[in-house]
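Engineer: Predicted model, plus sequence, below.
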Amino acid sequence: MTPAATAPGAPRPVTPVGILAAALDDVLDRAQRGALDADGLDRLREARDLAVGLDPYLERCTTPESTGLAALARRTVEHDWRTHSGGTGLEQEMLSGHVEGQLLRTLVHATRARSVLEIGMFTGYSALAMAEAVGDDGRVVACEVDADVAALARECFAGSPAGGRIDVRVGPAADTLRALAGESFDLVFVDADKAGYADYLTALLDGGLLGPRGLVVVDNTLMQGRAYGAGAPTANGAAIAAFNDAVAADPRVEQVLVPLRDGMTLIRRVEEDR
Ligand SMILES: C[S@@+](CC[C@H](N)C(=O)[O-])C[C@H]1O[C@@H](n2cnc3c(N)ncnc32)[C@H](O)[C@@H]1O
């Protein structure tokens, strides 16, 4: 065991990530002392199993996705992203997917959101997931800068009963948000360029786009661990770290960072409590 884990009063790790961290800490300590024995290898296997098993277990315990969402996900995987739009850096890994999509659906239901705004649509998985939850009288306005990926999403929406509830706006999201002035949304999902997150939140909170008791859901707020200094620094990691700090210091809001997938922060105005 590591010195930290055996110290008197040290909390015992009781979550998968906590146990994983303690096991890796222990194995690293043994390796650095040149004492990586069979017991150390067992702990390494335990760490591997904890990490490898987590996502499949989340998938298995989450309500299955609709046939429309499954078809959209398949289409996204089959698309040749290397040649897409002459190579814009879009890739299949951008798709949020089953578990995150189900969380968004649940949030739409729980907040009874009828008007939803998405900033960063890609092939439309999260837009369609939320559209399926808004009900017949609901709508999703989805912003996307890449015209080709927007066309692909529209094709997918056409094959789904809820696709008609999605209003795709092609262009830089900042322009679309300006054009939407005067409208308000019950739930906003932010999932576009990370350097733009701070301005998007300002437009939502100060520009009136977030309706009364509205909820903002921001994706990738762990940014592959770069947000809290794990791994080599990256521009996106720095942008997300600055965004997270600004949200934490903003007295107008209350927020929670949920460590699902690459991190999702849920933000709401506290002024409305008064
Ligand atoms: C991570 S993907 C979105 C994934 C999508 N929400 C999903 O669940 O599948 C980010 C998308 O934001 C788009 N994007 C990047 N910068 C943008 C901008 N300034 N305005 C609008 N869309 C932007 C990208 O083209 C990309 O399709």
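Structural biologist: Here it is on my side, so go on.
Engineer: Whether the longest strand anywhere in the chain contacts the ligand - can you check?
Structural biologist: Longest strand in the chain, counting residues (DSSP state E): strand 210-219. No - Strand 210-219 lies out of reach of the ligand by C-beta under 6 Å from any ligand atom, never closer than 6.8 Å. Where C-beta positions appear, they are placed from N, C-alpha and C, glycine not excepted.
Engineer: counting contacts, what elements does that strand pack onto?
Structural biologist: Applying 3 or more C-beta pairs under 8 Å, 6 or more residues apart in numbering; DSSP states H and E, one finds that strand 210-219 makes contact with helix 98-111, strand 185-190, helix 197-206, strand 264-269.
Engineer: so how far is the third one off the chain centroid?
Structural biologist: Which is helix 197-206. Its chain's C-alpha centre and that of helix 197-206 lie 17 Å apart, by C-alpha atoms, centre = their mean, to the nearest Å.
Engineer: same question, the first one
Structural biologist: Centre-to-centre, helix 98-111 and its host chain are 12 Å apart (C-alpha atoms, centre = their mean).
Engineer: Report the contact partners of the residue nearest the centre of the chain.
Structural biologist: Taking C-alpha atoms, centre = their mean, the centroid of the chain lies closest to residue 219, which sits 3.0 Å from it. For residue 219, the contacting residues are 96, 100, 120, 189-191, 262-264, by C-beta atoms under 8 Å, 6 or more residues apart in numbering.
Engineer: Show me the one in those that has more neighbours than the rest.
Structural biologist: Within these, residue 189 tops the neighbour count with 29 neighbours, counted by other C-beta atoms under 10 Å.
Engineer: Name the nearest of the contacts of residue 219 relative to residue 13.
Structural biologist: residue 263 (20.2 Å; C-beta to C-beta).
Engineer: which stretches of the protein have low pLDDT?
Structural biologist: Residues of the chain meeting the criterion pLDDT under 70: 1-6, 272, 274.
Engineer: now the helices for it?
Structural biologist: Secondary structure of the chain (DSSP state H): helices at 3-6, 16-32, 38-60, 67-78, 98-111, 125-134, 147-158, 173-179, 197-206, 235-248.
Engineer: And the third one, what does it pack against?
Structural biologist: For helix 38-60, the helices and strands in contact under the criterion 3+ C-beta pairs under 8 Å, 6+ apart are helix 16-32, helix 98-111.
Engineer: what angle sits between it and helix 16-32?
Structural biologist: Computed by axes from the mean of the first three to the mean of the last three C-alpha atoms, to 10 degrees, the angle separating helix 38-60 from helix 16-32 equals 150 degrees.
Engineer: what separates helix 38-60 from the chain centre, distance-wise?
Structural biologist: 23 Å.
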